[in-house]
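>>> Got a sequence here, can you build the structure:
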Amino acid sequence: MKKLFAALLGVLIILAALWLFHVPLLDAAAQRLIVQDQLAHADGIVVLAGDGNGERVNQAVELYQKGYAPMLLMSGGPLAWHLTSADWMKKQAMAQGIPAQVILVQPKSQSTIDDARFTLPIVKAHAWKSIILVTSPAHSRRARKYFKKVYGHEGIKVISYPVQHSEFNPSGWWRRHEDTQIVIWEYVSLFYYWLKGY
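Coordinates of the predicted model:
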């Protein structure tokens, strides 16, 4: 009887703790997805497709205009008929005054792993030794992990610098449908990539 009482008391304490601390725990789960390195000058800025509002390109344009790198590389595969995400991102950057000749495109990728693998030959062809990796905040941990894994073998430095003014808000994310989808997708993807050995 004492053991049963102790077990029930333990369960109640755990449930009470979860109820009391669920907000900071959930916030911390979203914050863990965001990784940002010390910003430094690099040979190029690699921008990953995947947002619906253009905030990744906006961030890359800002970095270029501040002189952090002399070139941009847009990475993203098929979007619609004869149009790729990379092409669309290039158009967005050009509309903000970036010269076409400093924008490279990688139009084949359909995943983060593809982004890393398919941009690497372009980066090597231009003899870049360092890149600034721009993506959405919640995607930054997964993106940096796989870019460092792929680029690390070539001695290319990867600086993660996610979008600074994003629509994604890690605080109270579970109350907003769009942010909930993002957080769940990232954790599922991290687990799936781990299972696949990426």
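
>>> residue ranges for the strands of this protein, please.
44-48, 72-75, 78-80, 83-84, 103-106, 130-134, 157-160 (DSSP state E).

>>> Let's have those in TSV, adding distance to Tyr64.
For the C-beta atoms, the positions are set from N, CA and C on the backbone; glycine is no exception. Below are these laid out as TSV (distance: least, Cβ to Cβ, whole Å):
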stretch	distance to Tyr64
strand 44-48	6
strand 72-75	6
strand 78-80	22
strand 83-84	21
strand 103-106	9
strand 130-134	10
strand 157-160	14
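
>>> Lowest average confidence across the ones you listed, which one?
The weakest mean pLDDT among the strands of the chain belongs to strand 78-80, with a mean of 86.

>>> Report pLDDT for Trp19.
Looking at Trp19, the pLDDT reads 46.

>>> before we move on, back to that, minimum distance to Leu33: which of the strands of the chain has it?
Smallest distance to Leu33 across those (Cβ to Cβ): 11.7 Å, for strand 157-160.

>>> closest to Val188 out of the strands of the chain?
With Cβ to Cβ as the criterion, Val188 lies closest to strand 44-48 of the strands of the chain, at 18.1 Å.

>>> Correct me if wrong: Asp43 contacts Lys124.
No - if you go by Cβ atoms under 8 Å, Asp43 and Lys124 don't touch, sitting 11.1 Å apart.

>>> So which of those two has more stuff around it?
Comparing Asp43 with Lys124 by other Cβ atoms under 10 Å, the one with more neighbours is Asp43, at 17 against 13.

>>> How much space separates that one from Leu63?
With distances taken as Cβ to Cβ, to the nearest Å, Asp43 is found 13 Å from Leu63.

>>> who touches both of the two?
Shared contacts of Asp43 and Leu63 (Cβ atoms under 8 Å, 6 or more residues apart in numbering): Ala69.

>>> Identify the residues contacting the closest residue in space to Glu55 that isn't next to it in sequence.
The shortest distance from Glu55 to any non-neighbouring residue, by Cβ to Cβ, 6 or more residues apart in numbering, is to Val163 (4.8 Å). Counting by Cβ under 8 Å, 6+ apart, Val163 touches Asp51, Glu55, Arg56, Asn58, Gln59, Val134, Thr135, Ser136, Pro137.

>>> which among these gets closest to Pro99?
Closest to Pro99, out of all of the contacts of Val163 and judged by Cβ to Cβ, is Asn58, at 17.0 Å.

>>> show me what contacts the closest one?
Shown in contact with Asn58 (Cβ under 8 Å, 6+ apart): Gln96, Val163.

>>> Wait, Ile159 touches Val134, no?
No - when contacts are counted by Cβ under 8 Å, Ile159 is not listed as touching Val134 (9.7 Å).

>>> Those two - which one has more neighbours?
Val134 (27 against 22).

>>> bridging residues for the more buried one?
Val47 (DSSP bridges).

>>> show me what contacts it?
With Cβ under 8 Å, 6+ apart, Val134 has these contacts: Ile45, Val46, Val47, Leu48, Arg56, Gln59, Ala60, Leu63, Tyr161, Pro162, Val163.

>>> Distance check, the fifth one against Trp174.
Counting by Cβ to Cβ, the separation of Arg56 from Trp174 is 24 Å.

>>> With that, I have no additional questions.
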